[in-house]
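**Q** Curious how this folds, go ahead:
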Amino acid sequence: MDLVAAQKFSQMVEAEKARTCGEESQHCYAVMHQERFADVLGLCCTFVPDSSARVLDIGRSELTFYLSNFYRDIHSLGFDPKLDNGGHREVSRMDSVPHIVFDLLHADRFDDWPRCGHFDLIVFSEVIEHLCLAPEYVLAALGALLKEDGVLICTTPNAADLAKRIRLVLGRNPYERLRLYSMNPGHIREYTGTELREIAESVGFQCVHQAYFNWFQTDRHSIKEIFKKLARSYPSFRSFQACVLKRNS
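**A** You can find the predicted model right below:
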């Protein structure tokens, strides 16, 4: 690659990093996702109500801080914070939360699965859609970290929500383009509710609860909000989904 092209791509990457990984982006992320954090915590407390439960949050974000307000024994898992510039999304200080370094993209290397004991609850929220690895590997790796009666809560965008269908009818692609900066990838692959259950079941889970949510609805007068009102009678048309999973005995 010639120098001019290299400089051009470097500028493009830096511009994207500033937009998606900068301090302003981190604070916007924390504010925008507050409703999701609260709903996920509510699901966790419903299915694992013991505040002394051992909990693992996949990816280190402000959600980890929310969980730590209720659960006393919480860990996070993901990239090495010293090397990661953009993948972590925490705003609050969480010095007391131990972090387990493991790249989920290595979940197909069975000998490399983390050995950190077992957990009563694993929270896998808004991560699976960012992975360019078959999700079966990742869910299997996480399942190996669950106690026999443990719970895994997975949330992810709904690939078949009504707003996406409308965009397709209008000739617009509802999915974001691949990003230039690989340490903070966008959505590589989104899943329908049926797909998510089938994937989980294929690696030894059973779905004990599935729910759909409309998060990030800030503009009550937008066309998108009208679509969401029409979809309220059909939960599977909503923008986000949550699966509560347990290991088959």
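
**Q** Could you use CA atoms for every contact and neighbour count after this?
**A** Fine.

**Q** remind me, longest helix of the chain?
**A** The helix that spans the most residues within the chain, counting by DSSP state H, is helix 3-21.

**Q** Tell me which other helices or strands the next helix or strand after that helix touches.
**A** Going down the chain from helix 3-21, the next helix or strand is helix 23-32, by DSSP states H and E. Of the remaining helices and strands, none touches helix 23-32 by 3 or more CA pairs under 8 Å, 6 or more residues apart in numbering; DSSP states H and E.

**Q** before we move on, the earlier item: and the longest helix of the chain, C-alpha only, in PDB?
**A** Written as PDB, here are the backbone C-alpha positions of helix 3-21 (Å, rounded to 0.1, in the frame of the first residue of the first chain):
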ATOM      1  CA  LEU A   3       2.000   6.100   1.600                       C
ATOM      2  CA  VAL A   4      -0.900   8.300   0.500                       C
ATOM      3  CA  ALA A   5      -3.400   5.400   0.800                       C
ATOM      4  CA  ALA A   6      -2.000   4.400   4.200                       C
ATOM      5  CA  GLN A   7      -2.400   7.900   5.500                       C
ATOM      6  CA  LYS A   8      -5.900   8.100   4.100                       C
ATOM      7  CA  PHE A   9      -7.000   4.900   5.900                       C
ATOM      8  CA  SER A  10      -5.300   6.000   9.100                       C
ATOM      9  CA  GLN A  11      -7.300   9.100   9.000                       C
ATOM     10  CA  MET A  12     -10.500   7.200   8.400                       C
ATOM     11  CA  VAL A  13      -9.800   4.800  11.300                       C
ATOM     12  CA  GLU A  14      -9.000   7.600  13.700                       C
ATOM     13  CA  ALA A  15     -12.200   9.500  12.700                       C
ATOM     14  CA  GLU A  16     -14.300   6.300  13.300                       C
ATOM     15  CA  LYS A  17     -12.500   5.700  16.600                       C
ATOM     16  CA  ALA A  18     -13.300   9.300  17.700                       C
ATOM     17  CA  ARG A  19     -16.900   8.800  16.800                       C
ATOM     18  CA  THR A  20     -17.400   5.300  18.300                       C
ATOM     19  CA  CYS A  21     -14.800   4.900  21.000                       C
END
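
**Q** Cool, thanks, signing off.
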